[in-house]
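Trainee: Just a sequence and a predicted model for now, questions to come.
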2 protein chains.
Amino acid sequence: MSTIEDVARLAGLSRTTVSRVINNHPYVSEDKRKLVIEAMNKLGYAPNSLARSLRSQKTDIIALLIPRITNPFFSQLVESIEIAASKHGYQLIICQTRYSSEKELNYMNLLKTKQVDGVILASIQNDWEVLAPFLDYGPIVLCNEFNERANVPSVMLNQVYGGYIATKHLLEQGHRRIAYCCGSTRSNVASHREIGFRKALSEYGIEFDEQYAFRDALHSEDGRRVFHQMMSLSESPTAVFTGSDEVAAGMISEAKKHGCKVPEELAVIGFDNQTITELMEPTITTVHQPVEKMAQKALEIMIEKIRSRTYRQREVYEFPLRLIIRESTVSTKLIGQL
Amino acid sequence: MSTIEDVARLAGLSRTTVSRVINNHPYVSEDKRKLVIEAMNKLGYAPNSLARSLRSQKTDIIALLIPRITNPFFSQLVESIEIAASKHGYQLIICQTRYSSEKELNYMNLLKTKQVDGVILASIQNDWEVLAPFLDYGPIVLCNEFNERANVPSVMLNQVYGGYIATKHLLEQGHRRIAYCCGSTRSNVASHREIGFRKALSEYGIEFDEQYAFRDALHSEDGRRVFHQMMSLSESPTAVFTGSDEVAAGMISEAKKHGCKVPEELAVIGFDNQTITELMEPTITTVHQPVEKMAQKALEIMIEKIRSRTYRQREVYEFPLRLIIRESTVSTKLIGQL
DNA sequence: TCCGATTATGAAAACGATTTCAGTTTCTTG
DNA sequence: CAAGAAACTGAAATCGTTTTCATAATCGGA
């Protein structure tokens, strides 16, 4: 393993000059530059980035915290942020908290120990009071999350609106008994959607019915389970709002298996607009989230905060959601008319 | 940002003693240890891991190269490797090559520049001759990939066998015109499966028919496209082997849309045993891959190689695949009998 | 009581880069 | 042709740790 010292020696020059060549600094004569490059090639030299980072006090690495990469929404988010990051010369460290506050805290230490220049939180497991002290060590940007008490930039989607338009759509189809089915309540995403859900309901003079609420559905298996829970109610709902396409798909699959017709007997609406919405039969009505835009913005903000070194300011960037109507909420013949 | 020097000063001790406390070295008296811990807490001190890594010549970070995180197979692989890594105190850097040899090469530089202790290749885009020189800088382990000329450890699944059992299953169902539909031919995964596919065919005295071969299908959209290509053939196939559940799902969705009955008019077999196989109707026959086992083994090997510093030895660890029969290849009534 | 372990502590040298500062050479320009 | 500016180069300090080496204090055993 050769060092800058070896290159300097081989080229018959000083470390300084070699460093200048590496970093394209001015004031290096053409012949010395050639000598250096030759020596570097001969030795297969590459600058040690640890030494570099130590000296320059930056790593060009950003940590991205997510709950689970196998959740298609998050893998899409990761992909988008990664592309944006690599475009700006940044590396990404993906950290899966697996919904554990302890793991989240461990990962926050990447900031404290200077392994990363900043942290993007796409999932929050701890109270903000626990997270806030890490701001002493570098910028934190919230992405797809939000916290009232956090004075940091947040890039998010208007989930209240998302819950609202989805529910309103079901109401417009004539449904009055509408179930609410979402994932981890820890996240603001779910609670915001619920606000929108309730708002739409109240506009139609309907009260939120707690027996129609299911708040622990993350995967397709949960969708199957909730389907049975709904059907076992004395007055089962005629429509259901779900927090993810996967859950919706599981529910639809189970419904069909038990002879329950979608959307005629049960209308189902998903969230995320994942590939599966167009593969299922019926295709799934869903809410599209502009993940790519949000990702790009989050990264852009992060880089700006790293550069400016001031990041304790609350800034909120919000992107709109869009309802995509498919077959799972409207009987097939009607779709063309919308 | 406080340093070890600040801690030492506050505690009235030397850097050395502080370092000893941090690293749990012997020969520190109890009272001094307390002084140090107190000072560390008061300052909110955390050791700078760059300085640490520079001195100790290791980062405890491993790079994992994959094509795309949104491919469910790879997100599952990432999740499994990540869990194993964090159990051993290692961080993972996920690198998406997006099937670009150039990007792959860029990521390999993480090894050269000492940002990572080793690289796990779950995707190979360059010729091995291009990759081999990086072995001068640290260990490389192949995971789910293989290369004849690479003298490094490989952890893989028996894809030849996978292609074989899947195809044999179709043959046993009476099919004779079987299409072959896989993804990127660059990877050995696909070529190994093709070997198994051909082997099964030849056991039944059937020749591989190039007009039934489609080698550029990665996503559900590709499945839809290939369905039409197959159907436009003068003698269209009665069964198709695909390289991923997503492609299979796309194909099935398109088939149903055009009134082609699965499995009666077209039997479809997937690969990976993803969630979607049980959500589609019909459910999809597929090949299960023990991703978790492979992931654990790959990480275990990597850590061993980092420790021992000898890693230019070819070692192959192979895990078996398992056929999972569902409805997309067998008409519904028959499934119970298998 | 003396001597060799054992325990406890710190000064200084690494690790491999960048940057500051100072010094030397070459170019402009009046 | 003199003098100030610009171009070029290198010695040494710096980033924040760990580790080696030296030294001092304490202990146990003959």
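Mentor: Nice, thanks for sending it over. Numbering: from 1, shown residues only, chains lettered A, B, ... in the order given.

Trainee: When you work out contacts or count neighbours from here on, use the C-alpha atoms and nothing else.
Mentor: Will do.

Trainee: hey, what's the residue lying closest to A:Ala213 once chain neighbours are set aside bridged with?
Mentor: Distances taken as Cα to Cα, 6 or more residues apart in numbering or on different chains put A:Tyr180 closest to A:Ala213, at 4.8 Å, once the chain neighbours are dropped. With DSSP bridges as the criterion, A:Tyr180 is bridged to A:Ala213, A:Phe241.

Trainee: pretty sure A:Tyr180 contacts A:Ala217?
Mentor: No - counting by Cα atoms under 8 Å, A:Tyr180 sits too far from A:Ala217 to count as a contact (10.4 Å).

Trainee: Spit out the residues that contact these two alike.
Mentor: When Cα atoms under 8 Å, 6 or more residues apart in numbering or on different chains defines a contact, no residue borders A:Tyr180 and A:Ala217 alike.

Trainee: Quick check: A:Ala239 vs A:Ala166, distance?
Mentor: In this view, A:Ala239 and A:Ala166 are 11 Å apart by Cα to Cα, to the nearest Å.

Trainee: and if you look at A:Ile83?
Mentor: Applying Cα to Cα, the value for A:Ile83 to A:Ala166 is 30 Å.

Trainee: Those two: which is more packed in?
Mentor: Neighbour count, other Cα atoms under 10 Å in any protein chain shown: between A:Ile83 and A:Ala166, A:Ala166 has more, with 26 against 19.

Trainee: mind listing the strands for the stretch 101-250 of chain A?
Mentor: Assigned by DSSP state E, counting those that start in this stretch, the stretch 101-250 of chain A shows strands spanning A:118-121, A:140-143, A:153-157, A:178-181, A:213-214, A:239-242.

Trainee: which of the residues in the first one are buried?
Mentor: In terms of neighbour count (16 or more other Cα atoms under 10 Å in any protein chain shown), strand A:118-121 has its buried residues at A:Gly118, A:Val119, A:Ile120, A:Leu121.

Trainee: Tell me who's in contact with the first one.
Mentor: Taking Cα under 8 Å, 6+ apart as the definition of contact, the neighbours of A:Gly118 are A:Ile61, A:Ile62, A:Ala63, A:Leu111, A:Gly138, A:Pro139, A:Ile140, A:Val141, A:Met302, A:Ile306.

Trainee: give me that answer again for 7 Å
Mentor: A:Ile62, A:Ala63, A:Leu111, A:Gly138, A:Pro139, A:Ile140 (Cα atoms under 7 Å, 6 or more residues apart in numbering or on different chains).

Trainee: Any regions of chain A where pLDDT drops low?
Mentor: Within chain A, the segments meeting pLDDT under 70 span A:332-338.

Trainee: residues in contact with A:Val287?
Mentor: With contact set as Cα under 7 Å, 6+ apart, A:Val287 has these partners: A:Gly162, A:Gly270, A:Phe271, A:Asp272, A:Asn273, A:Leu321, A:Arg322, A:Leu323, A:Ile324.

Trainee: A:Leu279 and B:Gly250 touch, don't they?
Mentor: Yes - A:Leu279 lies in contact with B:Gly250 (Cα atoms under 7 Å); the separation is 6.3 Å.

Trainee: any idea how far A:Arg20 lies from A:Ile306?
Mentor: 25 Å.

Trainee: and the two? which has more neighbours close in?
Mentor: For A:Arg20 and A:Ile306, the more surrounded residue by other Cα under 10 Å is A:Ile306, and the numbers stand at 18 against 15.

Trainee: isn't A:Ser49 right up against B:Gln115?
Mentor: Yes - with contact defined as Cα under 7 Å, A:Ser49 counts as touching B:Gln115 (6.2 Å).

Trainee: higher neighbour count, the two?
Mentor: Set side by side, A:Ser49 and B:Gln115 show more neighbours around B:Gln115, with 23 against 18, by other Cα under 10 Å.

Trainee: What does that one show for phi and psi?
Mentor: When read as degrees, to the nearest 10, the backbone of B:Gln115 gives phi -80, psi -20.

Trainee: Secondary structure element for A:Met294, which one?
Mentor: helix A:291-308 (DSSP states H and E).

Trainee: List the buried residues of that helix.
Mentor: Per 16+ other Cα under 10 Å, helix A:291-308 contains these buried residues: A:291-299, A:301-303, A:305-306.

Trainee: Give the next helix or strand downstream of that helix.
Mentor: Immediately after helix A:291-308, counting by DSSP H and E, sits strand A:315-319.

Trainee: which residue ranges form the helices in the stretch 1-150 of chain A?
Mentor: Secondary structure of the stretch 1-150 of chain A (DSSP state H, counting those that start in this stretch): helices at A:4-11, A:15-22, A:30-43, A:49-56, A:72-87, A:101-112, A:128-131.

Trainee: which parts of the stretch 1-150 of chain A sit against chain B?
Mentor: A:46-51, A:54, A:69-70, A:72, A:75-76, A:79, A:92-94, A:112-115 (Cα under 7 Å from any Cα of the partner chain).
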